[in-house]
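Engineer: Sequence first, then the predicted structure, then my questions.
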Amino acid sequence: MPLSRTILITAFALAVCIIRPSHGAILVAVDVGHTLEHPGATSARGETEFGFNRELAGKIQEALSAAGFATQLIGEHGMMNALKARTDAAAQAGFFLSVHHDSMQPHYLSEWKFEGKTLAYGDRFSGFSLFVSRKNAHLAASLKCASVLGNRLIQAGFKPSRHHAEPIPGENRPFADEANGVHYYDDLVVLKTARQPAVLMEAGIILNRDDELTLRKPATQEKIAKAVAGALAVCLGKPPHP
């Protein structure tokens, strides 16, 4: 689908993609990326990505609930290894957000000593990245929400990394919306199998030593969470309050 067509989405096109429970609130599935068995990236100070993802997902759930959304946390116990099981569990949701923290390609990494351990780090890149799949049945709505989220994150003082667009093995993810840090990643399972609009967010790069410390701060997590809630209120429609 041409990019111009996906950006020029109408309010009606968005509305038909959204599932509303009987009480009127939009149900947002917040997916905690990775598991205890497969915890994702290891941060510059030896912490697992899964731990970062779970903390931030909890903050996002709180912010969404405060904004009037119904929420569903998926994978928070770290036992859901099958990716398709995540989107199956979210079948009734109106929106699917997968929460992750980023790494970078091995040739950008160096080693340092932290608390007696030799660990990898990479300070060349920092910032967030957002992904949508052209194989998702609701691409236009996915891209709209990703663009609004990227813009909200930028307004909150964060910046897009853009390193995933590098023309190198392991990257080369084309931009869907360069200004707001949104890429196409068509074969990500949780994006292409989601039954609703879906976005994967890499909140920051935990191999970057400064990013890691910033992303651990509750104030940073709350700022990201508020950006998510504000973005979804715009692209999905502000939830009704009792």
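Structural biologist: Yep, that arrived.
Engineer: Enumerate every residue touching the most centrally placed residue in the chain.
Structural biologist: Most central in the chain under CA atoms, centre = their mean is residue 201, positioned 1.7 Å from the mean C-alpha point. For residue 201, the contacting residues are 97-100, 128-131, 149, 228, by CB atoms under 8 Å, 6 or more residues apart in numbering. Yep, even glycine has a C-beta here, placed from its N, CA and C like the rest.
Engineer: Let's see that with 6 Å instead.
Structural biologist: 99, 130 (CB atoms under 6 Å, 6 or more residues apart in numbering).
Engineer: list the buried ones in the helix or strand harbouring it?
Structural biologist: For residue 201, the element it lies in under DSSP states H and E is strand 198-205. Buried residues in strand 198-205, defined by neighbour count with 16 or more other CB atoms under 10 Å: 198-205.
Engineer: Could you do stretch 81-99 as well?
Structural biologist: Buried residues in stretch 81-99, defined by neighbour count with 16+ other CB under 10 Å: 83, 86-87, 90, 93-99.
Engineer: Same question for stretch 98-113.
Structural biologist: With burial defined by 16+ other CB under 10 Å, the residues of stretch 98-113 counted as buried are 98-104, 108-109.
Engineer: what do you get for stretch 229-240?
Structural biologist: The neighbour-count check on stretch 229-240 (16+ other CB under 10 Å) flags 229-233, 235-236, 239 as buried.
Engineer: again with stretch 28-38
Structural biologist: By 16+ other CB under 10 Å, the buried positions in stretch 28-38 come out as 28-35.
Engineer: can I get the CA coordinates of it in CSV?
Structural biologist: Taking C-alpha atoms only, stretch 28-38 is exported to CSV below (Å, rounded to 0.1, in the frame of the first residue of the first chain):
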residue,chain,number,x,y,z
VAL,A,28,-5.6,-2.2,24.7
ALA,A,29,-3.4,-5.3,24.9
VAL,A,30,0.0,-4.5,26.4
ASP,A,31,2.5,-7.2,25.5
VAL,A,32,5.6,-7.7,27.7
GLY,A,33,8.3,-8.6,25.2
HIS,A,34,10.4,-11.8,25.7
THR,A,35,10.3,-14.3,28.5
LEU,A,36,12.2,-15.7,31.4
GLU,A,37,13.6,-18.4,29.3
HIS,A,38,14.4,-16.1,26.4
